[in-house]
Every structure is written in structure tokens, then in C-alpha cells.
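[1] Just need the structure, nothing else, for what follows:
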Amino acid sequence: MLQSIWEDVKREFSYGNMVTRIIIINVIIFTLLIITNLILKVSDGWAASPVFANLVNALSMSSDGWFVLTHPWVIFTHMFLHVDFWHILWNMLYLYFFGRIVGDFIGNQRVLPIYLLGGLAGALLFFLSANFLPYSTGTVSALGASGAVMAMVVAAGAISPDYIVRLLFLGDIKLKYIVFVLVLLDLIALAGNINTGGHFAHLGGAAMGWLFVRQLRDGRDWALPVNNLFDVIYRPFRRQSRPVRRPQMAYKNPNRTRSSASSGNQKSTAPGNASEGLPYQEQLDAILDKIKQHGYESLSEREKDFLFNASKK
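    Residues are numbered from 1 along each chain as shown. The predicted structure follows:
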């Protein structure tokens, strides 16, 4: 049975989208930590293990500047680290829901950069608040994907604020109101001094999600340097016979000219094409411009199907 589960996980990681891959990484790390904690507890007569506590601290973001300098990996590892079931459950549910929206609208290749940049922004605001605001004494730590997930939440709301979501018991609600409530809850928690450092991290991630989309609309794609860095890291491990095809979906194409719509008779053979006589990229740009101006709900069913299929390319 375990072998079958592992094969399913490997298949989903290989062929799933980036949201699925991030969730798998988080769940695997969580599972390994829980198993490690269980083994240590059993070996210590069910007492809380200091070894496990030290391990978690060595992977968590700290408010101690010297600790961060001597453990630089924590600025990344903390955003994949969970030791509480409900913590990881809610983070992964939010990531799955809002991450899929982000991937569908602006491309799968921008999901991981938003996640990482949101986590980094959350860690930075946590560090600054812990050191310059008098809400805590001594060293405090932060762990979890909440800052990165909040970046995804706000990015989704910024991309298509009028996107309709159907919630149990509440019915149809526009995405902007859901995002507003989630951010408001963090502000309320700050006012009540409840997990203050953690909620500052949430707000740091939220700010990054908004900035990312704002910059993308202005023609500056912050995902490019992140993806280029990963390309450099992975290049030695890639086989030359299997080149990786990078998605080319763009939020805005400043080089597009509408005159080309009437200058040729090209028709795309891509799945989901609206077959209106425009080249494939022309149709995609026109749909994305329509979303920017009027929101996702202004699209026809045919345009929604076309966009959905384009996001999977």
C-alpha cells in the first residue's frame, strides 16, 4: 500500500501543476517531522524531546539577527515547515484554492515565485516587527507557509476581484470580499496581540502579493529572475534529450498590434480555440486584457474554456 501511495505522489509531482507540487513538498516535510517526533518521544519515554525542539528551531525563522546570519537557510525553510495538523491543513487548503486561481489567470510559472517572494516578505516583516516593536521580549521564532499563502490570496484578489466564489451557507461571493475579510482578521489579531509576529508575517506576504500583480500589470514580471535562477540551478541535472518547455502565457503583451488581427487568415489548432480567425496569441492577449478591464465574469463560456486550456499549456 505504501509503495502504491508513493508512486501516486511521484506521479502527481511529475505531472501536476506547481500548486500541487508545493503542497506535496509541505506535506512530505510535515510527515517526516511528525514521524521523527514520534520516534524521539518513544525513545525518551514519551517525554518532549529537546532534540526535536532544536531541529524545529534550526529550520524556523528567528528574530535573532546573528542566528539568521549563521543559519541563512531559515529564510526559506521556515515557509515549508509545519508541526501542527490544523496549521498545515488550513494553509494547504488556502494555497490550493487561491493558487489555482492565480495559475489559471497568469500562468503556472508564476505560482512558485509568488509563494517564495511572499514567504520572504513575510519573514522580513516578522523580523523587523520583532526587533523594533515592543510586543515581545526575548527571541521569537516563526514557521509555516502562512506568509507565502497570503501572498497567493491577495494576488488572486488583485488579479480578478470580481471573480465569483460559491461558499457553503453563504452562496456566491466576490473574491475581493473574501480577501478583504482574511486581511482584516490579521489586523484584528494584531490589535488583540494574538500571535503578533505571525500576523505581521501574514501582512508582509499579503503586501508582496499585491505588489507582484501591480508590477506585472506595469510590464515588470518579478517571476522572471526567480525562474531564471531555478533554470541555472537545474540545468546541470537536465538531460539534453528532454528540453523543458517554459509556458509562454503573459498577463500583458505590450508588443501586440491590433492591426495584425485583420492582416492574415491564420487559425490556431490549439485546444479550446474560439476559432474567430485570430492567431492563438492574439486571442489570449485579448482575453487577458478583457479580464484586466472588466473582470473574469465578463468572459463568455467559450473564452473561459479557451483561457483554462491555455493555462495548462
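[2] alpha carbons only for contacts and neighbour counts from here, please
    Noted.
[3] can you map out the helices along the stretch 201-313 of the chain?
    Remark: helices assigned in the stretch 201-313 of the chain by DSSP state H, counting those that start in this stretch are 223-234, 280-294, 301-311.
[4] care to break this structure down by domain?
    2-228, 260-311 (automatic domain parsing).
[5] Mind telling me which residue is nearest the centre of the protein?
    For the chain, the residue whose C-alpha lies nearest the mean C-alpha position (C-alpha atoms, centre = their mean) is Tyr115; its distance is 3.5 Å.
[6] Output the helices of the stretch 201-313 of the chain as a markdown table; include the columns mean pLDDT.
    Formatted as a markdown table, the helices of the stretch 201-313 of the chain follow (pLDDT from 0 to 100):
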| stretch | mean pLDDT |
| --- | --- |
| helix 223-234 | 89 |
| helix 280-294 | 74 |
| helix 301-311 | 73 |
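[7] From Ser298, how far out is Ala201?
    Ala201 sits 34 Å away from Ser298, taking C-alpha to C-alpha, to the nearest Å as the criterion.
[8] Between these two, tell me which one has more neighbours.
    Taking neighbours as other C-alpha atoms under 10 Å, Ala201 and Ser298 compare with Ala201 leading, 32 against 15.
[9] residues near Ser49, how many?
    17.
[10] which ones are touching it?
    When contacts are counted by C-alpha atoms under 8 Å, 6 or more residues apart in numbering, Ser49 touches Asn37, Leu40, Lys41.
[11] Verify the stated contact: Gly122 with Met150.
    No - using C-alpha atoms under 8 Å, Gly122 is not in contact with Met150, being 9.1 Å away.
[12] quick one on the thing from earlier: got the contacts of Ser49 as a markdown table, with distance to Gly99 columns?
    Formatted as a markdown table, the contacts of Ser49 follow (distance: C-alpha to C-alpha, whole Å):
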| residue | distance to Gly99 |
| --- | --- |
| Asn37 | 30 |
| Leu40 | 35 |
| Lys41 | 36 |
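[13] And the strands in this structure, which stretches?
    61-62, 141-142, 164-167, 171-174 (DSSP state E).
[14] Name every strand pairing with the first one and say which way it goes.
    Strand 61-62 has the following strand partners under DSSP bridges: strand 141-142 (antiparallel).
[15] who touches the spatially closest residue to Tyr115 that is not a sequence neighbour in this structure?
    Leaving aside its chain neighbours, Tyr115 sits nearest to Ala148 (4.6 Å; criterion: C-alpha to C-alpha, 6 or more residues apart in numbering). Neighbouring residues of Ala148 by C-alpha under 8 Å, 6+ apart: Met79, Ile114, Tyr115, Leu116, Leu117, Gly118, Gly119, Leu120, Gly122, His202, Gly205.
[16] ok, Ala148 to Lys174 distance?
    Taken as C-alpha to C-alpha, the span from Ala148 to Lys174 is 22 Å.
[17] Quick one: residues in contact with stretch 4-16.
    Thr20, Arg21, Ile24.
[18] In it, which residues are buried?
    For stretch 4-16, the neighbour count (16 or more other C-alpha atoms under 10 Å) marks Val9, Phe13 as buried.
[19] before we move on, what about stretch 191-204?
    Across stretch 191-204, burial judged by 16+ other C-alpha under 10 Å covers Thr196, Gly197, Gly198, His199, Phe200, Ala201, His202, Leu203, Gly204.
[20] Could you do stretch 128-136 as well?
    Neighbour count says stretch 128-136 has Ser129, Ala130, Asn131 buried, by 16+ other C-alpha under 10 Å.
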